[in-house]
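J.: could you look at this predicted model? Sequence included:
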Amino acid sequence: MSIKILKSINNLLLVLLLLILIFAIVVYLGILPKNFLFFHMEFFGRFYERALSYLLFGIPLIYFSRRYIKIKKNAELIILLVFLNFLLDGLGNLFGWYSIGNQYSSVWYDKSVHLTGGIIYTSVFYMILINYFSSQNNFLILLTAFGLSFALGTLFGVGEYLSDKYFKTYMVGGLEDSIGDNIFDFLGSITGSAILYLTLFSSQHHKT
């Protein structure tokens, strides 16, 4: 896939994320009815809190990737993967698929996003680190990417706790839910590492 196509996809994802953000803010501020499209206010309050991270993290990510990542195709892939994770997370918040104990919630959507998030961020961290360290240290870089991805998943759990405490959302469903999230973060990071390892091993095998 060419860099031009990747940029076009990233721009489309950015527009979708901004539209979701604007929609959530409009409902949160009461400009549209609280039960607009039959969703409850808690969904939008929850999404509004998470959507701030899109602005605080998404825009700096675009700048960092396109300015400092040496391999331009990797830069666009990084943006694409993170935006895809943002979109999955945003849709889950917007439609109430994450909220605990309501008719819209889906445990398996939550776990699937944790799993795919682990795969995505292991790949993202690897593509960032490979720009700054020798490819001869591939295994160490991969191990570091795994650790960072799993740590990020754990931080999201802390963020959910803080959101429930200060924003009155319903993200943490008890010990079982939190541990389950961590397990799927771990499995996703392991899966991402395995995919990268097999890909790297295969490419190195073909070179020799």
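T.: Everything's here; your move.
J.: give me phi/psi at Ile69?
T.: According to degrees, to the nearest 10, the main-chain angles of Ile69 amount to phi -80, psi 120.
J.: residues near it, how many?
T.: Ile69 has 20 neighbouring residues, counting by other Cβ atoms under 10 Å. Placement of C-beta: from N, CA and C, glycine included.
J.: so which strand or helix has the residue nearest to it when sequence neighbours are not counted?
T.: Distances taken as Cβ to Cβ, 6 or more residues apart in numbering put Ala75 closest to Ile69, at 3.9 Å, once the chain neighbours are dropped. Using DSSP states H and E, Ala75 sits in helix 72-94.
J.: average pLDDT across that helix?
T.: Regarding helix 72-94, the rounded mean pLDDT is 87.
J.: who are the packing partners of it?
T.: When contacts are defined as 3 or more Cβ pairs under 8 Å, 6 or more residues apart in numbering; DSSP states H and E, helix 72-94 sits against helix 3-28, helix 41-53, helix 59-68, helix 107-129.
J.: and for Leu77, the neighbour number?
T.: Using other Cβ under 10 Å, Leu77 is surrounded by 20 other residues.
J.: and whichever strand or helix holds Phe156 with helix 107-129, angle?
T.: Phe156 belongs to helix 138-167 when assigned by DSSP H and E. Orientation check (axes from the mean of the first three to the mean of the last three Cα atoms, to 10 degrees): helix 138-167 against helix 107-129 gives 130 degrees.
J.: looking at the chain, which helix or strand is least sure?
T.: Ranked by mean pLDDT, DSSP states H and E, the helix or strand of the chain with the weakest confidence is helix 41-53, at a mean of 62.
J.: residue closest to the middle of the protein?
T.: Asn85 (3.5 Å; Cα atoms, centre = their mean).
J.: pretty sure that one contacts Gly118?
T.: No. Contact criterion Cβ atoms under 8 Å: Asn85 and Gly118 do not qualify, at 10.0 Å.
J.: any stretches of the chain with poor pLDDT?
T.: The chain contains residues with pLDDT under 70 at 27-28, 32-53, 99-104, 169, 203-208.
J.: now the angle between helix 107-129 and the lengthiest helix in it, please.
T.: Looking across the chain with DSSP state H, the single longest helix is helix 175-207. Per the same axes, to 10 degrees, the angle that helix 175-207 makes with helix 107-129 is 40 degrees.
J.: who touches Tyr54 in this structure?
T.: Applying Cβ atoms under 8 Å, 6 or more residues apart in numbering, we find Tyr54 in contact with 17, 21, 86, 90.
J.: from these, which two are the most distant?
T.: Using Cβ to Cβ, the two most remote members of the contacts of Tyr54 are Leu21 and Phe86, lying 9.9 Å apart.
J.: got the buried residues for stretch 87-101?
T.: Applying a neighbour-count criterion of 16 or more other Cβ atoms under 10 Å, the buried positions in stretch 87-101 are 87-100.
J.: ugh, typo on my part, it should be stretch 166-186
T.: Buried residues in stretch 166-186, defined by neighbour count with 16+ other Cβ under 10 Å: 169-173, 177-178, 180-182, 184-186.
J.: now tabulate these in JSON lines and tack on distance to Phe156.
T.: JSON lines is the format used below for the buried residues of stretch 166-186 (distance: Cβ to Cβ, whole Å):
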{"residue": "Thr169", "distance to Phe156": "13"}
{"residue": "Tyr170", "distance to Phe156": "15"}
{"residue": "Met171", "distance to Phe156": "9"}
{"residue": "Val172", "distance to Phe156": "11"}
{"residue": "Gly173", "distance to Phe156": "14"}
{"residue": "Asp177", "distance to Phe156": "13"}
{"residue": "Ser178", "distance to Phe156": "11"}
{"residue": "Gly180", "distance to Phe156": "13"}
{"residue": "Asp181", "distance to Phe156": "8"}
{"residue": "Asn182", "distance to Phe156": "10"}
{"residue": "Phe184", "distance to Phe156": "11"}
{"residue": "Asp185", "distance to Phe156": "8"}
{"residue": "Phe186", "distance to Phe156": "13"}
